[in-house]
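Enquirer: Sequence first, predicted model second:
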Amino acid sequence: MIGALRFFGSPIVVGAVVLVSLPAAAATPAVRRLAAKSQAAQLQLSTLQPEQVRVESINPALAAPVASASPGGTTIDVKQGDQLVVVKALSASESTSPVALAEKVKARLPATLVVGVADAAQGTIAKQYQPFLSAEVSPLRWDAQAMSYVTTVVVGLDPVGDTDEGPVKLPSAIRFQLTGENVSNIEPPHVEVTEAGAGGYQRFRVLTGKFEQLVRVSAHSRFGDKSYEAAVDPGPASLELLQSEARVDGLGLGKTTIGVRQRAANQQPWPASAPLQIHLKTSRGFLTPSTVPIAAQASSGQTSLVSSGWGDAVVSDSSNADERARTVTVAFSFPWLKFLLGFLGAAVAGALRVFTTEPGKRQGWLPVFLGCLASGLTIDILVALGAPLAPEWLLSMMRSELAWLAVGLVAGYPGVAAVAWLGEKLFAFKKPEPAGAPTS
């Protein structure tokens, strides 16, 4: 009785198994089961000549059968209990090029396994199995418990052909080992397949902490060495909000930078593939602007928060699209020190004005002193109100307490005249008429 057997890949010797390896692009040669003679069966490789085939036994104590020429190509005798590797060399590109590890797609290793199995009717029959790797998840996805990007890789032996004749216990277990590039761990480091078919499938877990590069996994076994690649899904994304200062002066005197950063699941900055618009809201103060743009291939953007009043301002994502986006709190504090220093500067200006007045005119020193205080404090308040509109260079100067001492000193020295001038310009107050001036 003659059956069809196929083989793929490139050779690797391990004990007494026969693996048949062909280039991926080439059609699988037909392997036909010939009539069993006593305790042996024959495999016929219809498209290969004996010089193109190398047969190796997994069991080193047993001699490998010799591939002999036949009218159909090449014939190999398979004894009961044999595990043989039949190898056809691959080209350099076929043997080194990595294969994409797709989700739930079985990627073949470069050889097949042929086992001599006892059969009641024929004595011995040859069964052929294709070793494979398959990713349960691809690309790798974030596992919060493992704190890594993870996939499970399944390795096993599937029967070649359309029908599965049931599990077959292998005479010798076959070890698979995985090594990786851009991976943090592979669990376990190796497994042993003792049964062909779905019942003998084994699993590896591949973990990585990064997403910038492809994960490369190399499988090593008696079936040959082969490299596989898989991408990493960085998500789910989250938004991180940052503030340059946790406390600023209130009443419009303070301004701080609010940063928005997109992070991947592993908390690394994740550059946006397309431009993003992040809408923010605040419980106090003003965001200028309230929408933060994040450019393509950038992971962050920023805006400014200007104070108003005093108290805590809570800044958050107004869209609420990302529930994990944390908020930031900025405290608006009353600028006591600035106002006290401004008052001190105005007082110093008043004292200077009194002591620089001619001695004969000092009998009116109190109105002069109070006029300087009023002038200095008025200018301080106007400066504070205009702080939110000040350019950044001027605002940085106004944040210095010594600047308020200087403002109080300079603004307070003109005294009553400065207050009168401001009243005329801002509130259209009329100048007081000089004594003795004619009235209409």
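Expert: That came through fine. Residues are numbered from 1 along each chain as shown.

Enquirer: Ramachandran angles for residue 286?
Expert: Backbone torsions for residue 286, taken as degrees, to the nearest 10, come to phi -130, psi 130.

Enquirer: Can you tell me, leaving aside adjacent residues, what's nearest to it?
Expert: Distances taken as C-beta to C-beta, 6 or more residues apart in numbering place residue 306 nearest to residue 286, at 4.7 Å, with adjacent residues excluded. Bear in mind the C-beta positions are built from the backbone N, C-alpha and C, glycine included.

Enquirer: number of nearby residues for that neighbour?
Expert: Neighbour count of residue 306, defined by other C-beta atoms under 10 Å: 21.

Enquirer: List the beta-bridge partners for it.
Expert: Beta-bridge pairing of residue 306 under DSSP bridges involves residue 255, residue 286.

Enquirer: for residue 330, same thing?
Expert: Residue 330 has these beta-bridge partners by DSSP bridges: residue 313.

Enquirer: can you count the residues close to it?
Expert: Residue 330 has 22 neighbouring residues, counting by other C-beta under 10 Å.

Enquirer: for it, what are its contacts?
Expert: 243, 245-248, 256, 285, 305, 307, 312-313, 315 (C-beta atoms under 8 Å, 6 or more residues apart in numbering).

Enquirer: from the chain's centre, how far out does the helix with the most length in the chain sit?
Expert: Criterion DSSP state H: the longest helix present in the chain is helix 365-386. What separates the centre of helix 365-386 from the centre of its chain is 57 Å, taken as C-alpha atoms, centre = their mean, to the nearest Å.

Enquirer: tell me the strands in the stretch 1-150 of the chain, going along the chain?
Expert: Counting by DSSP state E, counting those that start in this stretch, the stretch 1-150 of the chain has strands at residues 4-5, 31-33, 40-45, 54-57, 68-70, 73-79, 83-87, 99-100, 107-108, 113-119, 123-135, 141-143, 148-159.

Enquirer: Out of those, flag the one nearest residue 343.
Expert: strand 141-143 (57.5 Å; C-beta to C-beta).

Enquirer: quick one: contacts of that closest one?
Expert: Residues external to strand 141-143 that are found in contact with it (C-beta under 8 Å, 6+ apart): 148-151, 207, 233, 235-236, 265-266.

Enquirer: Domains in the chain, by residue range?
Expert: Each domain of the chain is listed here as a residue range: 4-230, 238-333, 336-427, per automatic domain parsing.

Enquirer: Quick one: end-to-end distance for the second one.
Expert: Same thing as domain 238-333. Using C-alpha to C-alpha, to the nearest Å, one end of domain 238-333 lies 31 Å from the other.

Enquirer: quick revisit: comparing the domains of the chain, which comes out most buried?
Expert: Ranked by mean neighbour count under mean count of other C-beta atoms under 10 Å, the domains of the chain are led by domain 4-230, which reaches a mean of 19.

Enquirer: quick one: least confident helix or strand in this protein?
Expert: Using mean pLDDT, DSSP states H and E, strand 4-5 stands out as the lowest-scoring helix or strand of the chain, at a mean of 39.

Enquirer: Residue 354 belongs to a strand?
Expert: No - counting by DSSP: H, G, I helix; E, B strand; the rest coil, one finds residue 354 to be helix, located in no strand.

Enquirer: surely it meets residue 370?
Expert: No - counting by C-beta atoms under 8 Å, residue 370 is not a contact partner of residue 354; they are 10.5 Å apart.

Enquirer: returning to that earlier point: of all the contacts of strand 141-143, which comes closest to residue 158?
Expert: Looking at these and their distance to residue 158, the nearest is residue 151, at 20.0 Å (C-beta to C-beta).

Enquirer: what residues are up against the closest one?
Expert: Residues near residue 151 by C-beta under 8 Å, 6+ apart: 135-141, 205-206, 230.

Enquirer: These: which two are farthest apart?
Expert: Spatially, the most separated pair among those is 139 and 205, at 15.0 Å (C-beta to C-beta).

Enquirer: can you list the residues that contact stretch 266-273?
Expert: For stretch 266-273, contacts defined as C-beta under 8 Å, 6+ apart pick out 142, 147-149, 209-211, 234-235, 237, 261-264, 294-300.

Enquirer: Kindly format the C-alpha coordinates of it as PDB.
Expert: Coordinates of each C-alpha in stretch 266-273 appear next as PDB, following Å, rounded to 0.1, in the frame of the first residue of the first chain:
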ATOM      1  CA  ASN A 266       5.000  50.400  30.100                       C
ATOM      2  CA  GLN A 267       5.100  54.100  31.000                       C
ATOM      3  CA  GLN A 268       7.600  55.000  28.300                       C
ATOM      4  CA  PRO A 269       6.900  58.100  26.200                       C
ATOM      5  CA  TRP A 270       4.900  57.000  23.100                       C
ATOM      6  CA  PRO A 271       5.300  59.200  20.000                       C
ATOM      7  CA  ALA A 272       1.900  59.900  18.400                       C
ATOM      8  CA  SER A 273       1.500  58.400  14.900                       C
END
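
Enquirer: Report the mean per-residue pLDDT for it.
Expert: Computed over stretch 266-273, the mean pLDDT rounds to 93.

Enquirer: same thing with stretch 110-127?
Expert: 84.

Enquirer: how long is that stretch end to end?
Expert: 17 Å.

Enquirer: Then stretch 57-65?
Expert: Stretch 57-65 has an end-to-end distance of 8 Å (criterion: C-alpha to C-alpha).

Enquirer: Stretch 205-215 too?
Expert: Start-to-end, stretch 205-215 (C-alpha to C-alpha) is 13 Å.

Enquirer: Repeat that for stretch 51-67.
Expert: Length of stretch 51-67, first residue to last, C-alpha to C-alpha: 8 Å.

Enquirer: Also stretch 186-195?
Expert: Taking C-alpha to C-alpha, the first and last residues of stretch 186-195 lie 23 Å apart.

Enquirer: Check stretch 66-83 too.
Expert: In stretch 66-83, first residue to last residue: 14 Å (C-alpha to C-alpha).
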